[in-house]
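# coords please:
(2 chains)
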Amino acid sequence: MLKRFFENRIGVVGLAIIVVCLLVAAFAPWLAPHDPLAVDISLQGMEPSEAYPFGNDEFGRDILSRVIWGTRISLGISFFSVIFSLGLGVTLGAVAGFYGRTVDNVIMRAMDATMAFPAILLAIAIVAVMGSNMFNVVIALGIVYVPRFARIIRGSVLSLKSREFVEAAVALGASDAAIIFRHILPNCLAPLIVQTTAGFAYAILAESSLSFLGLGAPPPAPSWGNILSEAKDFMLDNPMMTVYPGLAITFAVLGFNLLGDALRDLLDPRLR
Amino acid sequence: MLAYLLKRIVLMVPTLLLVALMVFLLVHFIPGDPAIVMVGGDATPEALEQVRRSLGLDQPQPVQFVTWFGHVVTGDLGRSIGTGIPVFETICERFPTTFVLTTLAMLFSVALAVPSGVLAAKFRNTGKDYLFMLVSLLGVSLPGFWLGLMALLVFSVQLGWFPSSGYVPIWQDPIAGLRYMTLPSITLGFFMAAVVARMTRSSMLEVMRLEYVTHARAKGLTEWSVLLKHALKNAFAPTLTTIGIQYGMLLGGAVVTETVFGLPGLGRFVVTAIYSRDYPAVQGCILFIALVYMFVNLAVDVLYKAFDPRVKY
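Numbers count the residues shown, from 1 in each chain, chains lettered A, B, ... in the order given. The predicted model follows:
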């Protein structure tokens, strides 16, 4: 399996991009040449220079350092939101599929209702109501993605429920939780992994949109969307300010999309 | 057909009720007193009381929901706290712009995506195909609002091809209106174009493996005739579903695009309403957009039949 993955150049490029992003996020304090929050009015809106290769923003903060620290914030928010929707979605989907009937109906109708909103709009609404801080952004982005995981898991559970190995586990007196987590879930990992990778790409994009609208991580936190949002007012004087954070977002999302494509080819033989 | 449509609409009712309940509860999740949040901490007790009464916050919650829902069904979405105008009126005034924007974006992306998806499938695993895959992957990785900013910078500011601010409704002056709409709809539609193109390519590849395509080739039909008349017709059904889902997503994306380009659509109104904590307006608009989204999905399912007669109602 690993060997086949590494034969796929697209997947390797995607993985490499993600590893670079993770390293930048992990070593941000050492990589960033300046303090991302240090305000220096004398450097306000400066063009790129040797000391500040990406230039300075309206408060004279170093844009390069902000983009580097932004990796940590943007990847962090998307990581936790995907973990949140993965946890909640898998649990809800498994419970709905396993118990069926009323439980299934209630859970899946709630999922339908959640999916009846355009994703980004629902996230905007949740953050608007709960207030914009990093925790609420994670929850909002997470909730929006829950139905996708729930649907996948419910489908797999339904098709696996009647298989012999599950019946054997039931006959042996295994608890419901053990059957779901030890016997059923390991058999639906493939679509789950593909969806999780897609989830990261979505979350990075959605987080940047929220921040751009002023509903993401509150300033002065240098999330990529925030940097862009602040830069847009100075776009005419200093266009490069808007270019770098956008490239960073595209780079990271591209990494997850490439990896997702490769994993789908690898794990889902029907689509090959 | 009609029976199917009716059945689908009846099945939509529980989802609709849930959606309405979720939108209703939005305001009730506001931490603290929604009235204080809306009018500000230094408001007089009378003003607070008035807001509470106008929102029905002095009633028990189930009663509030029933009252609110009763109003909603008759098209009364309440009044905007900011403008004092009925929310429904604002929606009627603002939605046409959003509709034109999303429709143009959809037309642009379908016009770009379907032919390029077909071409990529025809030239599968060649340089042309790889180039297509690369561009379409970039398309799904670019943040739409950033693409919008870059387009503004290059085509409006540097080259001066398109106006960078201002707005003329397309129904007042089609030519000028289109100039204002070109960049927004292209940037909004770009993501969708990439998704639809990828879907077209993969469903074309799926269909081209089938025997009836081989049969058509064996009959001596030209390759284009096989591709367009035989393969595309069957490959189009899954593509259509993707177009439908993506059109719904455009309604969400429009919120951001309208903000970037300063278009006076419904999305921009929602964002302004959120900033000013105008919750009746937020509730009304979100409910309306969700409704449109659901009906788009219904329309897609019905249209599906036109392209795939195997689907039974």
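# show me where pLDDT drops low in chain A?
Low-confidence segments of chain A, defined by pLDDT under 70: A:1, A:43, A:45-46, A:51, A:268-272.
# one more time with 50
A:271-272 (pLDDT under 50).
# Over to the stretch 101-250 of chain B?
Along the stretch 101-250 of chain B, segments meeting pLDDT under 50 are nowhere present.
# now B:Thr98, nearest residue through space, not along the chain?
Nearest residue to B:Thr98 in three dimensions, chain neighbours excluded: B:Gly265, at 3.8 Å (C-beta to C-beta, 6 or more residues apart in numbering or on different chains). Where C-beta positions appear, they are placed from N, C-alpha and C, glycine not excepted.
# Report how many residues lie close to the residue in the stretch 101-250 of chain A that chain B sits nearest to.
Using C-beta to the nearest C-beta, the closest approach of the stretch 101-250 of chain A to chain B is made by A:Pro118 at 2.9 Å. Residues lying near A:Pro118 (other C-beta atoms under 10 Å in any protein chain shown) number 25.
# How about it, nearest residue that isn't a chain neighbour?
In space, and not counting its chain neighbours, A:Pro118 is closest to B:Gly252: 2.9 Å by C-beta to C-beta, 6+ apart.
# OK, contacts around that neighbour?
A:Phe117, A:Pro118, A:Ala119, A:Ile120, A:Leu121, B:Ile289 (C-beta atoms under 8 Å, 6 or more residues apart in numbering or on different chains).
# out of these, which are inside helices?
Secondary structure from DSSP state H places A:Ala119, A:Ile120, A:Leu121, B:Ile289 of these in helices.
# tell me the two of those that are most distant?
Of all pairs drawn from those, the greatest distance, 11.8 Å, lies between A:Ala119 and B:Ile289 (C-beta to C-beta).
# More neighbours: those two, which one.
Between A:Ala119 and B:Ile289, B:Ile289 has the larger neighbour count (other C-beta under 10 Å), namely 27 against 21.
# right, and the more buried one touches B:Gly253 too?
No. Using C-beta atoms under 8 Å, B:Ile289 makes no contact with B:Gly253, being 11.5 Å away.
# what touches both of these two?
A:Pro118.
# A:Cys62 is in contact with A:Pro48, isn't it?
I think there's a mix-up here, since residue A:62 is Asp and not Cys. No. Using C-beta under 8 Å, A:Asp62 is not in contact with A:Pro48; the gap is 10.6 Å.
# who has more neighbours, those two?
Shown here are A:Asp62 and A:Pro48; by other C-beta under 10 Å, A:Asp62 has more neighbours (27 against 16).
# For beta bridges, what are the partners of that one?
A:Asp62 forms beta bridges with A:Asn56, as assigned by DSSP bridges.
# quick one, what contacts the residue of the stretch 101-250 of chain A closest to chain B?
B:Gly248, B:Met249, B:Leu251, B:Gly252, B:Gly253, B:Ile289, B:Ala290, B:Tyr293.
# Grab the nearest non-local neighbour of residue 82.
Going with chain A. A:Gly199 (4.4 Å).
# if you could check chain B rather than the one you did, that'd help
In space, B:Gly82 comes closest to B:Asp278 once its chain neighbours are excluded; the distance is 4.4 Å by C-beta to C-beta, 6+ apart.
# mind listing what's buried in stretch A:206-221?
A:206-217, A:221 (16 or more other C-beta atoms under 10 Å in any protein chain shown).
# my bad, stretch B:51-64
Within stretch B:51-64, the residues scored as buried using 16+ other C-beta under 10 Å are B:Val51, B:Arg52, B:Leu55, B:Gly56, B:Leu57, B:Gln64.
# do the same with stretch B:129-148
Applying 16+ other C-beta under 10 Å to stretch B:129-148 flags B:129, B:132-133, B:136-137, B:139-148 as buried.
# quick one: which of these is nearest to A:Pro191?
Each of the buried residues of stretch B:129-148 was scored against A:Pro191 by C-beta to C-beta, and B:Val140 proved nearest at 18.9 Å.
# Now do that closest one against chain A, distance only.
Going from B:Val140 to chain A by C-beta to the nearest C-beta, to the nearest Å gives 6 Å.
# hang on, that residue packs against B:Ala197?
No. Checked against C-beta under 8 Å, the pair B:Val140 and B:Ala197 is beyond contact range at 9.8 Å.
# per-domain residue ranges of chain B.
Segmentation of chain B into domains, based on automatic domain parsing, reads B:2-73, B:96-307.
# Distance across the first one, terminal residue to terminal residue?
With C-alpha to C-alpha, to the nearest Å as the measure, the ends of domain B:2-73 fall 23 Å from one another.
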